[in-house]
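Visitor: Provide a 3D model corresponding to the input given below.
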Amino acid sequence: MGPLKGYRVVEMAGLGPVPFCAMLLSDMGADVVRIDREGGNNPLGLKVDVLNRGRRSVALDLKSSQGVATCLDLVAKADALIEGYRPGVMERLGLGPQECQARNPRLAYGRMTGWGQEGPLADAAGHDINYIALTGALSAMGTRESVVPPLNLVGDFGGGALYLAFGVVCAMLEGKSSGKGQVVDAAMVDGAAHLMAMMYGLKHNGQWIDHRSSNLLDGGAHFYGAFECADGEWVAIGSIEPQFYKLLLQGVGIDPDSSDASQEPANWPKMRERLQAVFLRQPRAHWCALMEGTDICFAPVLSMSEAPEHPHNVARETFVREFDVLQPAPAPRFARTPGAIAGPPPAPGEHTAEVLKEWGVE
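Guide: Model prediction:
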């Protein structure tokens, strides 16, 4: 039912951002077939890998000529291929862009790496934290005293998988009109840098400095940040606009017209201490009852155990239980062609015979 129904994607089995990209495409209705090695590969030892949901698995020995030939036969019937190996690996397998597009000139060939297909670091190993470090993003996150890695959301999934999915869909759309395929070079370092566009714009205009917790959105401003409550739980405040800030001050009992309560940067450190002292007087539930649903721009800081039970997330079905696993639902949402989780993660090679027959591969 999804908007990508009718599109076929070959996914070369890997870790992290490529499976996440494949999950996105599958959630939107694409027929995604993962090429697994015979026997599979599960380095994290997961019983259920949510990132592998919604697609079918074909097991091939890509070290054999027959396995490569079968893979190329599948590529010939696909709209896109996505892979996340180091530069040159697919070429050495005989499955590089040249070989694949010789079989399928309209193929969108999506490549996911950390450093990109070329450049001084292209052949080096790395992980999310390294890629976002090189873009200026990691330096901007944390406290004044310490850098704090933001999970692996900025590089792997935000700057990586989302950009790969966007690039592949763009290439498939363009191929509809041109009749030609192309290579999509999705590097996490490029995507993470692109996500920093707003901050680089602010820096150019003199509204961002290279010191953590000194800027509007990095915890420097007292009206945009997290505060601990009396019970050790936390709340998040984003009262940036003056009218919302006024409501915040009124809610905590501070005179919004007093000079020492202004939003001027000179007042940020003192007002943060003042607000923190107020929030520490009551438990989180008190502040939720007082502020949640108002224009203060407020939310409780929920744990992963709490978030699925919040009434807003329940009402929107932001989290769903599929194959006995509570997990995020497909996003974004479409009015006519909603996405859906097509099924549980497959066992390696579970659908080999089925897919080869359905795709017309001998």
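Visitor: where does this structure dip in pLDDT?
Guide: Where the chain drops to pLDDT under 70, the residues are 43.
Visitor: if we go to 80?
Guide: 39-45, 362 (pLDDT under 80).
Visitor: and the helices in it, which stretches?
Guide: Along the chain, counting by DSSP state H, helices occupy 17-27, 65-76, 89-93, 97-103, 128-133, 162-178, 188-195, 197-204, 242-252, 268-279, 284-291, 311-316, 352-358.
Visitor: out of the ones you listed, which comes closest to P3?
Guide: Minimum separation from P3 across the helices of the chain (Cβ to Cβ) falls at helix 162-178, 9.5 Å. C-beta coordinates here come from the backbone N, C-alpha and C atoms, glycine included.
Visitor: what packs against the closest one?
Guide: If you count contacts as 3 or more Cβ pairs under 8 Å, 6 or more residues apart in numbering; DSSP states H and E, helix 162-178 packs onto helix 17-27, strand 80-83, strand 108-113, strand 182-187, helix 188-195.
Visitor: in that helix, what's buried?
Guide: Neighbour counts over helix 162-178 (16 or more other Cβ atoms under 10 Å) mark L162, Y163, L164, A165, G167, V168, V169, A171, M172, G175 as buried.
Visitor: the third one reaches V18, doesn't it?
Guide: So that's L164. Yes: when contacts are counted by Cβ atoms under 8 Å, L164 is listed as touching V18 (7.2 Å).
Visitor: overlap in contacts of those two?
Guide: Common neighbours of L164 and V18 (criterion: Cβ atoms under 8 Å, 6 or more residues apart in numbering): I82, M112.
Visitor: gap between N104 and Q182?
Guide: Distance, N104 to Q182, using Cβ to Cβ, to the nearest Å: 12 Å.
Visitor: can you lay out the buried residues of helix 162-178 as a markdown table showing distance to E83?
Guide: As requested, the buried residues of helix 162-178 are exported to a markdown table (distance: Cβ to Cβ, whole Å):
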| residue | distance to E83 |
| --- | --- |
| L162 | 17 |
| Y163 | 15 |
| L164 | 10 |
| A165 | 14 |
| G167 | 13 |
| V168 | 11 |
| V169 | 16 |
| A171 | 14 |
| M172 | 16 |
| G175 | 18 |
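Visitor: can you name the two of those residues that are farthest apart?
Guide: Spatial extent of those (Cβ to Cβ) is set by the pair L162 and G175 at 20.4 Å.
Visitor: need the contact list for L164.
Guide: With contacts defined as Cβ under 8 Å, 6+ apart, L164 is in contact with P17, V18, C21, I82, G110, M112, V184, A186.
Visitor: so which of the helices of the chain is nearest L51?
Guide: L51 sits nearest to helix 17-27 of all the helices of the chain, at 4.0 Å, using Cβ to Cβ.
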